[in-house]
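Student: Next input, structure requested:
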Amino acid sequence: MEEELQQGKQKNAFSRFLARKNIEFSAKRYGIDALGAMALGLFGSLLIATIFNAIGLIPGLTFFKTIGAYGAKAAGPAMAVAIAFALKAPPLVMYSAALVGFAANDMGGAGGPLAVLLIAVVAVEFGKAVSKETKVDILVTPFVTVFVGGVLAILVAPYIGTVVGFVGKFIGWATLQQPFVMGLIISVVIGIALTLPISSAAICAAIGLSGAAVAGVIPANAEGLALAGGAAVAGCCAHMVGFAVMSFRENRWGGLVSQGIGTSMLQMPNLVKNPRAWIPPVVASAITGPLATCVFGMKMYGVAINSGMGTCGLLGPISIVLGWFGGEYPDAIGALDWIGIVLICFLLPALISWSVCLLLRKIGWIRENDLTLAQ
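Tutor: Numbers count the residues shown, from 1 in each chain. Predicted structure coming up:
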């Protein structure tokens with residue numbers, strides 16, 4: 001009895017310590033907050049650098065390419081600092097995370113973003129645990145943060161890169177073997193992930209859904225990965241454009257813009273109340289994904305993170321186009337490519353989602369105001 005009381009006191013003391021340090025072991029903290037922040041870190045570094053590189057292709061504006069060349073080098077630190085911010089780390093831990101992110105991203109190879117996510121989370125939580133616990137905090141906190149992250153980067157990151165490489169090879173191989181099936185699966189799954197409170201962009205970056213070179217190395221099954229990336233773009237566009245158009249009755253122009261070039265995640269509260277409202281964009285993604293892979297051969301040779309962006313800032317379609325002219329896109333660009341972009345990313349998602357939603361409204365599966373966005 002006395003031993004149980006002692007264990008209870010120790011458990012309570014540990015719980016109070018975690019609460020004091022703001023260390024929270026939860027799926028939301030790590031699977032939503034940290035993952036979403038990682039995507040923002042990529043946006044602020046590699047993504048914007050890619051846009052700079054594209055502008056740098058214009059004669060007379062080559063200095064943009066000079067600036068953009070540093071984007072890949074800054075991606076690891078940017079992701080790690082963003083993750084630390086999401087985990088509510090003290091400033092000294094957050095700054096130290098930059099080194100951890102650089103090491104994890106560099107050693108993780110193809111799995112760099114995933115390595116940064118996993119390793120930065122552990123290193124930051126250890127840093128938070130020791131922060132301001134000693135009189136020499138300025139030495140102890142960065143030492144612990146960097147030591148834990150550095151050791152994990154050396155021991156774990158290369159294996160993460162290997163696993164992600166295998167996953168990428170399999171997806172690329174499977175997409176080439178079964179473009180219809182894989183186009184459907186990838187489009188639906190990534191589209192759903194876009195609308196859920198997780199980061200579809202981070203998922204696409206983590207598994208490398210693009211045929212673009214990573215650190216100067218073209219991935220195995222690059223064409224298959226490029227097709228898979230195109231299917232992911234199709235699924236994301238289906239959800240964003242789909243929800244924007246089918247809810248126009250309730251949300252008008254503001255909702256069209258906020259969902260169409262913002263995020264379909266705004267519909268999550270409504271989808272919890274009525275999951276059947278998800279049917280139209282899922283049907284749209286199930287149609288446009290196979291069309292993207294089998295009919296139009298829509299390939300992503302831009303930055304992998306944009307495979308999970310859809311029409312958010314129009315980054316999905318724009319990245320495909322940038323891949324045509326600034327990446328390793330192997331084919332000549334023809335009218336079918338442009339027609340595919342317009343149909344897959346805009347027209348078909350709008351028409352299919354609106355039509356299916358109209359049917360579901362008539363049979364009572366979607367009711368008035370079921371799609372109204374919270375103010």
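
Student: Which element, helix or strand, includes the residue nearest to Gly191 when sequence neighbours are not counted?
Tutor: Leaving out its chain neighbours, the residue that sits closest to Gly191 by C-beta to C-beta, 6 or more residues apart in numbering is Gly235, at 3.1 Å. To be clear about C-beta, it is placed using only N, CA and C from the backbone, and glycine gets the same treatment. Here Gly235 is covered by helix 222-246, with elements defined by DSSP states H and E.

Student: next one: that helix to chain centre, how far?
Tutor: From the chain centre to the centre of helix 222-246 is a distance of 13 Å (C-alpha atoms, centre = their mean, to the nearest Å).

Student: Following the chain onward from it, which element is next?
Tutor: Next helix or strand after helix 222-246 toward the C-terminus (DSSP H and E): helix 248-260.

Student: list the contacts for the residue most central in space within the chain?
Tutor: Nearest to the mean C-alpha position of the chain, by C-alpha atoms, centre = their mean, lies Ala201 at 1.8 Å. Shown in contact with Ala201 (C-beta atoms under 8 Å, 6 or more residues apart in numbering): Ala39, Leu42, Phe43, Ile305, Asn306, Ser307, Gly308, Met309.

Student: one step back: isn't the residue nearest to Gly191 right next to Thr195, touching?
Tutor: No. Assessed by C-beta atoms under 8 Å, Gly235 is found out of contact with Thr195, at 10.0 Å.

Student: For the stretch 201-350 of the chain, just list every one of the helices.
Tutor: 222-246, 248-260, 268-273, 279-290, 315-326, 335-342, 348-362 (DSSP state H, counting those that start in this stretch).

Student: okay, those in CSV with distance to Ile48 next?
Tutor: Shown next, in CSV, are the helices of the stretch 201-350 of the chain (distance: least, C-beta to C-beta, whole Å):
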stretch, distance to Ile48
helix 222-246, 19
helix 248-260, 22
helix 268-273, 27
helix 279-290, 28
helix 315-326, 11
helix 335-342, 22
helix 348-362, 26
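
Student: Pick the most buried one from these.
Tutor: Stretch with highest mean neighbour count among those: helix 222-246 (a mean of 31; mean count of other C-beta atoms under 10 Å).

Student: Give the other helices and strands that that one contacts.
Tutor: Judged by 3 or more C-beta pairs under 8 Å, 6 or more residues apart in numbering; DSSP states H and E, helix 222-246 is in contact with helix 157-177, helix 179-195, helix 200-207, helix 248-260, helix 279-290, helix 315-326, helix 348-362.

Student: just so I know, which of those lies nearest Thr62?
Tutor: Across those, Thr62 has its closest neighbour in helix 315-326 (12.8 Å, C-beta to C-beta).
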